[in-house]
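next come a sequence and a model predicted from it.
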2 protein chains.
Amino acid sequence: MMSSVPTPLSAYEGSCLETDEGRAIRDILDRVGDKWSLLIIGTLSAGRLRFGELQSHIPGISQRMLTLTLRQLERDGLLTRTAHAEVPPRVEYELTETGRTLIEPSTALAAWAITNQSLIAAAREAFDQTAAARAKRRADGGQRSHPG
Amino acid sequence: MMSSVPTPLSAYEGSCLETDEGRAIRDILDRVGDKWSLLIIGTLSAGRLRFGELQSHIPGISQRMLTLTLRQLERDGLLTRTAHAEVPPRVEYELTETGRTLIEPSTALAAWAITNQSLIAAAREAFDQTAAARAKRRADGGQRSHPG
DNA sequence: CAGAATCCGCAGGGATACTG
DNA sequence: CAGTATCCCTGCGGATTCTG
């Protein structure tokens, strides 16, 4: 038997998501866990890239969101923006030291995604099957003895 | 052909976010990168927990979002839901094998968040400082040659 | 206690047009 | 080419209420 609640895993230890550290996790996760940040980090892990190159490597992203997310990441000190005074203009983005430290954990997550995609897809199908079956049974037997 | 662009990191290798694998990453990231999933995974990494216990361990979360996210994770096969036929009702949630494999990568990300929170905070302040300065210079010198 | 259902505000983010 | 500005709409998610 265990005393009511077991202890959380190492990274959450002592925080239980309730202290400053807990809020820090939430804060960073909100930043890094948004729709595009990790994709940009992952793409930039290859090295310096231009704005257009980034856009073409991240299919779904719009000009607007690429710009906004890049600004955000630049503000957080995860990448640098270098505008060359040329015409046509050329702007290059590159991960900073801090940004590069994010490559490992984010890659781990990406690897997990690839590894488990089929497992998850299967689980979803199975869940939807039984969920639909349960719904049908409720609809049939729920409204009292004889449905027909 | 496009030898101008360096190759992405291992997990993205061959995918460039453009193939099925790329979409898989996006897909999983959308699921796992939402506001609460990783927090729930992290909390459940300690072991089986009841609905109420989960809620009290994840401060900001509402009943609604806890339920919704739990359903989502259950559907993805990352956790199991066990409803005990008692009164008052008792429902327990526990990570599955697949769910537990997500602990490591997500913990890594959380650890990164804690490690770099001060660095990021500092970067933000610095960025905002120079951004404000730049804006002021534009406002002052923008309409004429001598700022004063 | 665990949750389903409803209402609703608001921010994320797409499409488009314009600029330097 | 690399943005910026604007419009607009979807859906995330909080607060509240009702059920088993």
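In hand now; what should we look at? Just so we're clear, the structure is a prediction, and the values are computed from it rather than from any experiment.

so for stretch A:86-99, mean pLDDT?
Averaged across stretch A:86-99, pLDDT comes to 97.

is it anywhere near chain B?
Yes - for stretch A:86-99, a contact with chain B is found by Cβ under 8 Å from any Cβ of the partner chain, at residue A:98. For every residue, glycine as well, the C-beta is placed using N, CA and C.

now the residue nearest to residue A:61 when sequence neighbours are not counted: how far from residue A:65?
Nearest residue to residue A:61, sequence neighbours excluded (Cβ to Cβ, 6 or more residues apart in numbering or on different chains): residue A:36, at 5.8 Å. From residue A:36 across to residue A:65, the span is 6 Å (Cβ to Cβ, to the nearest Å).

more crowded one of the two?
Remark: of residue A:36 and residue A:65, residue A:36 carries more neighbours, 21 against 16, as counted by other Cβ atoms under 10 Å in any protein chain shown.

quickly find the element holding residue A:122.
If you go by DSSP states H and E, residue A:122 is part of helix A:103-142.

how about residue A:29?
Short version, using DSSP H and E: residue A:29 is in helix A:20-32.

and the very next helix or strand once past that helix, what's its mean pLDDT?
Using DSSP H and E, the helix or strand that follows helix A:20-32 in sequence is helix A:37-44. Mean per-residue pLDDT for helix A:37-44: 92.

excluding its backbone neighbours, what's nearest the most centrally placed residue in chain A?
Nearest to the mean C-alpha position of chain A, counting by Cα atoms, centre = their mean, stands residue A:33 at 4.0 Å. With sequence-adjacent residues excluded and distances taken as Cβ to Cβ, 6+ apart, residue A:33 is closest to residue B:33, at 3.8 Å.

contact residues of chain A facing DNA strand C?
A:34, A:35, A:36, A:60, A:61, A:62, A:63, A:64, A:65, A:88, A:89 (Cβ under 7 Å from any atom of the strand).

in helices only, show me the residues you listed.
Judged by DSSP state H, those include A:63, A:64, A:65 as members of helices.

what is the nearest of these to chain B?
Minimum distance to chain B across these is 13.1 Å, recorded for residue A:65 (Cβ to the nearest Cβ).

quickly note the distance from that closest one to residue A:115.
Taking Cβ to Cβ, one finds residue A:65 at 27 Å from residue A:115.

same for the helix-or-strand element of chain A with minimal mean pLDDT, what does it pack against?
When the helices and strands of chain A are scored by mean pLDDT, DSSP states H and E, helix A:20-32 comes last with a mean of 74. Helix A:20-32 sits against helix A:37-44, helix B:37-44, helix B:103-141, with contacts defined as 3 or more Cβ pairs under 8 Å, 6 or more residues apart in numbering or on different chains; DSSP states H and E.

with distance to residue A:54 as new columns, can the ones you listed be given to me in JSON lines?
Shown next, in JSON lines, are those (distance: least, Cβ to Cβ, whole Å):
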{"stretch": "helix A:37-44", "distance to residue A:54": "6"}
{"stretch": "helix B:37-44", "distance to residue A:54": "26"}
{"stretch": "helix B:103-141", "distance to residue A:54": "20"}
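
tell me which of those helices sits nearest to residue B:84.
The closest of these to residue B:84 is helix B:37-44. By Cβ to Cβ, the value is 17.4 Å.

close to DNA strand D, is the next helix or strand after that closest one?
Going down the chain from helix B:37-44, the next helix or strand is strand B:49-50, by DSSP H and E. No - Strand B:49-50 stays clear of DNA strand D (Cβ under 7 Å from any atom of the strand), getting no nearer than 12.7 Å.

does chain A sit close to strand B:49-50?
Yes - under the criterion of Cβ under 8 Å from any Cβ, chain A is reached by strand B:49-50 at residue B:49.

other SSEs contacting that strand?
strand B:90-95.

for DNA strand D, what is the nearest residue in chain A?
Closest residue of chain A to DNA strand D, Cβ to the nearest atom of the strand: residue A:52 (2.8 Å).

which residues does that residue contact?
Taking Cβ atoms under 8 Å, 6 or more residues apart in numbering or on different chains, we find residue A:52 in contact with no residue.

what pLDDT is listed against it?
97.

how far off centre is stretch A:77-97?
Distance of stretch A:77-97 from the chain centroid (Cα atoms, centre = their mean, to the nearest Å) equals 24 Å.

likewise stretch A:37-56?
How far stretch A:37-56 lies from its chain's middle: 16 Å, per Cα atoms, centre = their mean.
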